[in-house]
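[1] Sequence first, then the predicted structure:
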Amino acid sequence: MVNKYFSIIGGIVITTVLLSGCSEKILNAKGNPNQSEVLPDPDNNNSIPTDQKQKNVENTVQPGPSLTEENVKPQEQEGSATPESIQVVFNPESIPVLVNKQNKLPDNYNPTDLIFTDIPFVSGASNEKRKMRKEAASALSQLFAGAKAEGISLLGVSAYRSHATQTTLFNYYVNRDGYEKARTYSALPGTSEHETGLAIDVTGGNGKCAAENCFGGTKEAAWLEQHAAEYGFIIRYPQGKESITGYQYEPWHLRYVGKEIALEIMKKGITLEEYNSEV
């Protein structure tokens, strides 16, 4: 349930950010029960071994302050709910690092090996969103090339996001839809896979259905389901696993974990959470 993570969030202080005068299109209009994270770019100028199998969280937790009152439901402000802590990962540079609603990146974490990908992106994607960690970017280039060779055209939508960008994004959705609803499709700052530099949202070559449910029925989505693991990627939020991942089905969200792990995860039909519980 998403209403347990509002009070203690691993040292993250979230300041409400109100956006106005945005020039770019906001996808997935308010009221859509199957939303995903898409926000106008704030800077739209132009656009450990992979088989490492280890737990990635500390044994201790880092308590933090509550969200601002603007972002909290009335009953939560009154203290009627029981706060739940979030653990901090101790190996954020690990390729298969688990980052989710229970495991956050350390404060001020920034990947040290970000590079620009050489794949095509949808129009208007910011420079920041075109970056990934070096190993993931190389694997992504191979994936796009492999898809093209089989007649499948893909475009990048959003790869890396800085902590500041994720904070703006999350608070935008909180102000628009409320905290509880925002938590069903948007990650608290520090808990987004995009901040690792190992995740990317993609869409078909026509640019339609970018981070929208309609992508799930396309030939591009079907190809990714069958072949992404061959390049070290998994469909991070698979259908039917919402209670485990904490997020709706997102056929467009690819996460790089390395080929060996990806093939094992996809073969077993499990999630990264389930994989980590096995090793």
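    Structure received. Keep in mind the model is a prediction, meaning the values are calculated, not measured. Numbering: from 1, shown residues only.
[2] Please count neighbours and contacts with C-alpha atoms only from this point.
    OK.
[3] For whatever helix or strand residue 203 lives in, list the C-alpha coordinates in PDB.
    Here residue 203 sits within strand 199-204, counting by DSSP states H and E. Coordinates of each C-alpha in strand 199-204 appear next as PDB, following Å, rounded to 0.1, in the frame of the first residue of the first chain:
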ATOM      1  CA  ALA A 199      16.800   2.800 -16.600                       C
ATOM      2  CA  ILE A 200      15.100   4.300 -19.700                       C
ATOM      3  CA  ASP A 201      11.600   4.700 -20.900                       C
ATOM      4  CA  VAL A 202      11.200   3.900 -24.700                       C
ATOM      5  CA  THR A 203       8.500   4.000 -27.300                       C
ATOM      6  CA  GLY A 204       7.900   3.100 -30.900                       C
END
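[4] What is the subsequent helix or strand relative to it?
    Next element after strand 199-204 (DSSP H and E): helix 219-227.
[5] Could you give the average pLDDT over that next one?
    Helix 219-227 comes out with an average pLDDT of 96.
[6] pLDDT (mean, whole number) over the next helix or strand after that helix?
    Using DSSP H and E, the helix or strand that follows helix 219-227 towards the C-terminus is strand 233-237. Strand 233-237 comes out with an average pLDDT of 97.
[7] Could you tell me the angle between strand 233-237 and strand 199-204?
    90 degrees (axes from the mean of the first three to the mean of the last three C-alpha atoms, to 10 degrees).
[8] Sheet partners, orientation included, of strand 233-237?
    Paired neighbours of strand 233-237 in the sheet (DSSP bridges): strand 250-256 (antiparallel).
[9] Now the element after the worst-scoring helix or strand of the chain on mean pLDDT, going C-ward?
    Every helix and strand of the chain was ranked by mean pLDDT, DSSP states H and E. The lowest is helix 74-77, at a mean of 31. Helices and strands here follow DSSP H and E; after helix 74-77, the next one along the chain is strand 87-89.
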